[in-house]
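Trainee: I'll drop the sequence and a predicted model, then ask my questions.
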Amino acid sequence: QVRLVESGGGVVQAGDSLRLACVASGGTDSTKIMAWFRQAPGKEREFLAAMNWKTTGSSYADSVKGRFVISRDSAQNTVFLQMNRLEPEDTATYYCAGSAATWIVYRPHEYDVWGQGTQVTVSS
């Protein structure tokens, strides 16, 4: 069974950068799409970015396009989310997710494996 473990969250100031990492282990061959979501208190889980693990094709939400970059290290089975020019509105718990879908999907229910989440807090 695939297991995802996120790391890299923390408390930063507006304008700072953070890089989140998600390590996948255990039967990852069936996981074709890796994505990052976030959820702030009282809000729905929000899609941020996704990558096709084989082709490295990627897609971003408009809210983070140009500020966040998704990448992977296939040798380490790790997907990253580089977050630049962070804003207080980016404060949330950030989740890594995996899907067996053939193409990039955008809704939480289309992902069948989730990490435990890592907290990002951006102060003004």
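Mentor: Received the coordinates, thanks. Residues are numbered from 1 along each chain as shown.
Trainee: Go through stretch 83-97 and flag the buried ones.
Mentor: When neighbours are counted by 16 or more other C-beta atoms under 10 Å, the buried residues of stretch 83-97 are found to be 83, 86, 90-97. For the C-beta atoms, the positions are set from N, CA and C on the backbone; glycine is no exception.
Trainee: Then stretch 11-31?
Mentor: Neighbour-count burial for stretch 11-31 flags 12, 18, 20-24, 28, 31 (criterion: 16+ other C-beta under 10 Å).
Trainee: same question, stretch 51-68
Mentor: Neighbour counts over stretch 51-68 (16+ other C-beta under 10 Å) mark 51-53, 58-61, 64, 68 as buried.
Trainee: Pull the residues that contact it.
Mentor: With C-beta atoms under 8 Å, 6 or more residues apart in numbering as the test, stretch 51-68 has contacts from 31-36, 46-50, 70-72, 74, 79, 81-86, 103-104, 106.
Trainee: and if you look at stretch 79-89?
Mentor: 12, 14-22, 24, 34, 36, 48-49, 51, 64, 67-73, 90, 94, 96, 120, 122-124.
Trainee: Could you pick out which of the residues you listed are located in helices?
Mentor: Cross-referencing the contacts of stretch 79-89 against helices under DSSP state H gives no overlap.
Trainee: Give me the buried subset of the contacts of stretch 51-68.
Mentor: So, of the contacts of stretch 51-68, 31-36, 46-50, 70, 72, 79, 81, 83, 86, 104 end up buried under the neighbour-count rule (16+ other C-beta under 10 Å).
Trainee: returning to what we had before: please flag which of the contacts of stretch 51-68 sit within strands.
Mentor: Assignment to strands by DSSP state E places the following of the contacts of stretch 51-68 there: 33-36, 46-50, 70-72, 79, 81-83.
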